[in-house]
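Student: coords please:
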Amino acid sequence: MNRNEIDENLKWDLSLIYKSNEDFYLDFNKVKENISLIPSFKEKFLDNAETFLEFMKLIEDTCRKLEKMYQYTHLAVDVEPENNEIQNLYSQVLSLYDDYSQNTVFIDLTISKNPEKAKEVISSDNTKIYSKYINDILRSSSHLASDEVEDVIAKADSILNSPYETYSVFRPEFKPVNINGKEEFLNQETLSEFLKNPDENIRKQAYENLYGEYKKFGNVFASTLSGTIKRDVFYSKVHKFNSPLEASLFSDNVPKELFYKVIDMALNKYHYLLLDYVSLRKKIMNKDKLEIYDMNVPLAKEPDIKYSLNDAFDLIFEATKCFGEDYQKILEKARNERWIDYYTHTGKRQGAYSSGCYDTNPYILMSYLDDVKSIFTLIHELGHSVHSYYSSHNQPYILYDYKIFVAEVASTVNENLLMYTLLEKAKSKEEKAYLLYNQIFENITLIYRQPFFANFENILHEKASNNEGLSNHTITSLYGDLTKEYWGSDVNVTELSNYFCYAVPHFYYNYYVYKYTVGQCVSSVIASRIYNGNTEQKEKYLNFLKSGCTKDPIELLKDAGVNPLDDIIYDEAFKNFEKLLNDFKECL
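Tutor: A predicted model of the protein is given here:
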């Protein structure tokens, strides 16, 4: 299907951002003018509150226009990649971003070197709104190297990132999977479908064909992964952190205690629930011992139920009615004002996301397929969009952009509420079993798999920090040993499974994955409390959605009534998982 064959009401309306290229270029030229003015403030922007405020208004105007232009072009490119005019606008915006970055390097350095002047300029009523911005920079000042060293680091950045660049462009070619004499294409994306196939020979063939290639190029992947780990160690040392972990947690102001708590809860205290699930899978699949390639086979059949977009929105409105009229009006705006691009077509980017900025609607890209998974995707992305809408309409620009650390809370709260709604409406045990199984599988991915990944990643960083070699054998042997502990004695972990670690791009993202677990745990708790009538939790949650980045992520979650440093949050979340498991057993 081509884009011009899709009803206009089912495509997003980017004319709400810019009605014409002429409007776009008005902002473009204004940004160019603003950038030319920025260097003139280099020596004086901290002189007094008035000059500082004038400078910050210039920066804000520049950033808001840049972000608006970026949103317009990147959204358009994602649905019309062959449109050369849009591609040209997009490349111009990226170039302008580079120009802006080069002309604003002095800001953080100047503030860090002049803490007293920086504190003075935010002491007036007109400038106190910038207190968090200034204090966050000052908090980082003790971890800045000398100007000369920082300059060398900046120049060496592309070199230090070359291991990841190599990994991102290196694409092994995998032997196709032979199904009934027909060769089917295999890559990392199609593997997941092959692993759901009821035919064990097909699953085994796909698994061995793919990870056999990773094993074949094991030394290459060991080099790219170890190079990235060593880069993290290098950055942590030159910026005076005690460890790469401490360095990675710094920007979110997160204590190491939280990172280790997430691992301990999943891999120790509540590991028995994962093993219980594995035992159940073995029983349902009627196997003496499971293979790794058995772990994705669906344990419940998907009901043959189709959901129109109207059906989807009916369910979404019902699931979120607990949030009140204001929340639902935002959902209506998303639908009626065409924030959403629903259907796939030739050239359209795959996947789903919510994307916007302070001066645009939070647009949603997805591929609606009339199935229940599409409704979960839609309500997930609407959770992001409502969070962004509330933040931008309740906070000033400097305080609206919430951090990645809390970004998945709103989306997964919505998913949990939708699950409760669908379970209430389920007309058969088969339908209920399907819903429960998918929620169980999703939970395992987030509250068990991610802590497992985080633990592996941390051990590698500790080894590199201690100057231990990270050879192909060291990396894969470690991964294999941890995998055996993770799945337990009911799963056969072969030597080939050790190479799974080379297929995980998140290991190149510097301690990112534990955030998924925190987000899932707090959203599970928030959703279950609200569903069970806890009005205080509902009000705290709605206030959280409006808070932007007014506080650090941990403090925002504390205000939302779900302190991630408190064991009770994980106790509730894993007990919710246990209930899913027990309810699923009752459906069998």
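Student: what residue spans form the domains of this structure?
Tutor: 3-144, 178-214, 305-395 (automatic domain parsing).
Student: start to end distance for the first one?
Tutor: For domain 3-144, the separation between the terminal residues is 49 Å (Cα to Cα, to the nearest Å).
Student: please apply the same query to the shortest one.
Tutor: One end of domain 178-214 to the other measures 20 Å (Cα to Cα).
Student: what residues does K283 make contact with?
Tutor: Residues near K283 by Cβ atoms under 8 Å, 6 or more residues apart in numbering: none. For the C-beta atoms, the positions are set from N, CA and C on the backbone; glycine is no exception.
Student: what packs against the longest helix belonging to the chain?
Tutor: The longest helix of the chain (DSSP state H) is helix 49-79. The helices and strands touching helix 49-79, judged by 3 or more Cβ pairs under 8 Å, 6 or more residues apart in numbering; DSSP states H and E, are helix 21-37, helix 84-103, helix 115-121, strand 353-355, strand 363-365.
Student: give me whichever of these is most buried.
Tutor: strand 363-365 (a mean of 23; mean count of other Cβ atoms under 10 Å).
Student: pairing partners for that one, with directions?
Tutor: The strands that strand 363-365 pairs with in its sheet are strand 340-341 (parallel), strand 353-355 (antiparallel) (by DSSP bridges).
Student: quick one: closest of the ones you listed to K240.
Tutor: Distances from K240 to each of those were compared using Cβ to Cβ; the minimum, 35.5 Å, belongs to strand 353-355.
Student: residues in contact with H393?
Tutor: Each residue near H393 by Cβ under 8 Å, 6+ apart is listed here: K546.
Student: before we go further, E430 is sitting in a helix, right?
Tutor: Yes - with DSSP: H, G, I helix; E, B strand; the rest coil as the criterion, E430 is part of a helix.
Student: count of neighbours near it?
Tutor: 13 (other Cβ atoms under 10 Å).
Student: who are the contact partners of the closest residue in space to T62 that isn't next to it in sequence?
Tutor: Nearest residue to T62, sequence neighbours excluded (Cβ to Cβ, 6 or more residues apart in numbering): N34, at 4.3 Å. With contact set as Cβ under 8 Å, 6+ apart, N34 has these partners: L58, D61, T62, K65.
Student: what comes up buried for stretch 517-534?
Tutor: When burial is assessed from 16 or more other Cβ atoms under 10 Å, stretch 517-534 yields the following buried residues: 517-531.
Student: ok and the longest helix of the chain relative to helix 84-103, angle-wise?
Tutor: For helix 49-79 against helix 84-103, the angle between stretch directions is 150 degrees (axes from the mean of the first three to the mean of the last three Cα atoms, to 10 degrees).
Student: and L160, which of the helices and strands packed on helix 49-79 is closest to it?
Tutor: In this view, the helices and strands packed on helix 49-79 are compared for proximity to L160 by Cβ to Cβ, and helix 84-103 is the closest at 17.7 Å.
Student: how far off helix 21-37 does that closest one point, in degrees?
Tutor: Computed by the same axes, to 10 degrees, the angle between helix 84-103 and helix 21-37 is 20 degrees.
Student: tell me what helix 84-103 is packed against?
Tutor: Packing contacts for helix 84-103, counted by 3+ Cβ pairs under 8 Å, 6+ apart, involve helix 21-37, helix 49-79.
Student: next, count neighbours for L191.
Tutor: Residues lying near L191 (other Cβ under 10 Å) number 21.
Student: K155 now?
Tutor: By the criterion of other Cβ under 10 Å, K155 has 9 neighbours.
Student: secondary structure element for it?
Tutor: helix 147-160 (DSSP states H and E).
Student: what is that helix packed up against?
Tutor: The helices and strands touching helix 147-160, judged by 3+ Cβ pairs under 8 Å, 6+ apart, are helix 218-238.
Student: which positions in the helix it packs on come out as buried?
Tutor: Taking 16+ other Cβ under 10 Å as the neighbour-count basis, helix 218-238 is seen to contain the buried residues 218, 220-233, 235-236, 238.
Student: same question for stretch 51-62.
Tutor: Taking 16+ other Cβ under 10 Å as the neighbour-count basis, stretch 51-62 is seen to contain the buried residues F52, L53, F55, M56, L58, I59, T62.
Student: from those, which single one is nearest E430?
Tutor: For the buried residues of stretch 51-62, the closest approach to E430 (Cβ to Cβ) belongs to T62, at 56.6 Å.
Student: for the closest one, what are its contacts?
Tutor: When the contact criterion is Cβ under 8 Å, 6+ apart, the partners of T62 are V31, N34, I35, I38, Y100.
Student: related to what we said a few turns ago, how about the strands paired with strand 363-365, which one is nearest I447?
Tutor: Minimum separation from I447 across the strands paired with strand 363-365 (Cβ to Cβ) falls at strand 353-355, 22.7 Å.
Student: hmm, who's touching that closest one?
Tutor: Defining contact as Cβ under 8 Å, 6+ apart, one finds that strand 353-355 is touched by 71, 74-75, 362-365, 381-382, 384-385, 388, 411.
Student: who's in contact with S523?
Tutor: Residues touching S523, when contacts are defined by Cβ under 8 Å, 6+ apart, comprise E408, V409, A410, S411, T412, V413, E415, N416.
Student: which helix or which strand is home to the residue lying closest to the fifth one once chain neighbours are set aside?
Tutor: It stands for T412. Nearest residue to T412 in three dimensions, chain neighbours excluded: S523, at 3.8 Å (Cβ to Cβ, 6+ apart). When elements are assigned from DSSP H and E, S523 belongs to helix 514-531.
Student: centre of the chain to that helix, how far?
Tutor: When C-alpha coordinates are averaged (Cα atoms, centre = their mean, to the nearest Å), helix 514-531 and its chain have centres 15 Å apart.
Student: if you average pLDDT over it, what comes out?
Tutor: Confidence over helix 514-531 (mean pLDDT, whole number) is 97.
Student: buried stuff in the following helix or strand past that helix?
Tutor: Beyond helix 514-531 in the direction of the C-terminus, DSSP H and E gives the next helix or strand as helix 535-545. Within helix 535-545, the residues that count as buried by 16+ other Cβ under 10 Å are Q537, K538, K540, Y541, L542, F544, L545.
Student: isn't the fourth one up against G561?
Tutor: The one in question is Y541. Yes - in this structure, Y541 sits in contact with G561. The criterion is Cβ atoms under 8 Å, and the distance is 7.4 Å.
Student: list residues touching both of these two?
Tutor: I526.
Student: ok, the residue nearest to P396 when sequence neighbours are not counted - contacts?
Tutor: Beyond its immediate neighbours in the sequence, the residue positioned closest to P396 (Cβ to Cβ, 6+ apart) is I129, lying 5.8 Å away. Under the criterion of Cβ under 8 Å, 6+ apart, the neighbours of I129 are P396, I398, L399.
Student: contacts only, for the last one.
Tutor: Applying Cβ under 8 Å, 6+ apart to L399 gives the contacts I129, K132, G548, C549, T550.
Student: quick one: it and F452, what's the gap?
Tutor: 35 Å (Cβ to Cβ, to the nearest Å).
Student: the first one now?
Tutor: Distance, P396 to F452, using Cβ to Cβ: 40 Å.
Student: okay, these two: which has more neighbours?
Tutor: When P396 and F452 are compared for neighbours, F452 comes out ahead with 22 against 13, by other Cβ under 10 Å.
Student: looking at it, the more buried one is touching A266, isn't it?
Tutor: Yes - here F452 reaches A266: they are 7.2 Å apart, a contact under Cβ under 8 Å.
Student: find the residues that touch each one of the two.
Tutor: Residues within reach of F452 and of A266 at once, by Cβ under 8 Å, 6+ apart: there are none.
Student: Q71 and T360 touch, don't they?
Tutor: Yes - judged on Cβ under 8 Å, Q71 makes contact with T360 at a distance of 5.0 Å.
Student: sorry, back to before: and the helix holding K155, how far out from the chain middle?
Tutor: If you compare the mean C-alpha spot of helix 147-160 with that of the full chain, they lie 28 Å apart, counting by Cα atoms, centre = their mean.
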